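Engineer: could you work out the structure for the sequence below:
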Amino acid sequence: MNFESLLIITYGRSGSTLLQGLLNSIDGCVVRGENHDLCRGLFEAWQSLRDTKLKHGKGKASLSPTSPWFGASILSEGQFILDTRTLVHNQLMGPINADSVSCLGFKEIRYLPPGLAKKSKGSLSDYLDFLAKVFPKPAFIILTREHGQVGNSAWWQDKKLDQVKRQLTIFEKEVRAYSQDKPWAYSINYDDITNRSDKL
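Structural biologist: Below is the predicted model of the structure:
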């Protein structure tokens, strides 16, 4: 396969479970389901580490055992990424024999801007950049669907349709801008899947 990792990046009721099933029919490909945004907390921890080293890891102060920022200079972003990669890989792999898996990933629907802004100090593109560091040789599949079909599903029943469409539009604009210069980021629509288009 051309990729070692595969993430479906989307929102609720986009057809992501259908796409997940299709991808899992590829020999050697394992795409897990949602995990309540498992990687978000790791992203925030990485940001904290990076900010600590940037702001307090310079000079001799962080080398002193009496400094409030003792050890800030030895924090390693690169090591954190490697440790995170191992942690996530082990959680996603589970009991499967690793030799039988050539591409591993998951689908997630919790990327909408309000959720990201509420939980994290980073932008959506910052978060996606982090995921691209953690997952080796990644493919991002950005899945969209006609907003009326999405908003009228029971999953969104506690939100007004105009509000749903606005959130989806913001998300799609951001991921479109993010994926523009990335040949490993692919966009597909629900209709491409159901109609078995050439894009699928």
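Engineer: point out where this structure drops to low pLDDT.
Structural biologist: In the predicted model of the chain, residues 113-121 satisfy pLDDT under 70.
Engineer: what ranges do the strands span in it?
Structural biologist: 5-9, 29-32, 103-108, 138-144, 185-189 (DSSP state E).
Engineer: may I see the ones you listed organised as JSON lines, with distance to residue 199 and mean neighbour count added?
Structural biologist: Where you see a C-beta, it was placed from the backbone N, CA and C, and this is true even at glycine. Output for the strands of the chain, formatted as JSON lines (distance: least, C-beta to C-beta, whole Å; neighbours: other C-beta atoms under 10 Å):
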{"stretch": "strand 5-9", "distance to residue 199": "15", "mean neighbour count": "24"}
{"stretch": "strand 29-32", "distance to residue 199": "18", "mean neighbour count": "19"}
{"stretch": "strand 103-108", "distance to residue 199": "18", "mean neighbour count": "22"}
{"stretch": "strand 138-144", "distance to residue 199": "11", "mean neighbour count": "22"}
{"stretch": "strand 185-189", "distance to residue 199": "6", "mean neighbour count": "17"}
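Engineer: just put those strands in JSON lines and tack on distance to residue 62.
Structural biologist: Rendered in JSON lines, the data for these read as follows (distance: least, C-beta to C-beta, whole Å):
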{"stretch": "strand 5-9", "distance to residue 62": "34"}
{"stretch": "strand 29-32", "distance to residue 62": "39"}
{"stretch": "strand 103-108", "distance to residue 62": "36"}
{"stretch": "strand 138-144", "distance to residue 62": "33"}
{"stretch": "strand 185-189", "distance to residue 62": "38"}
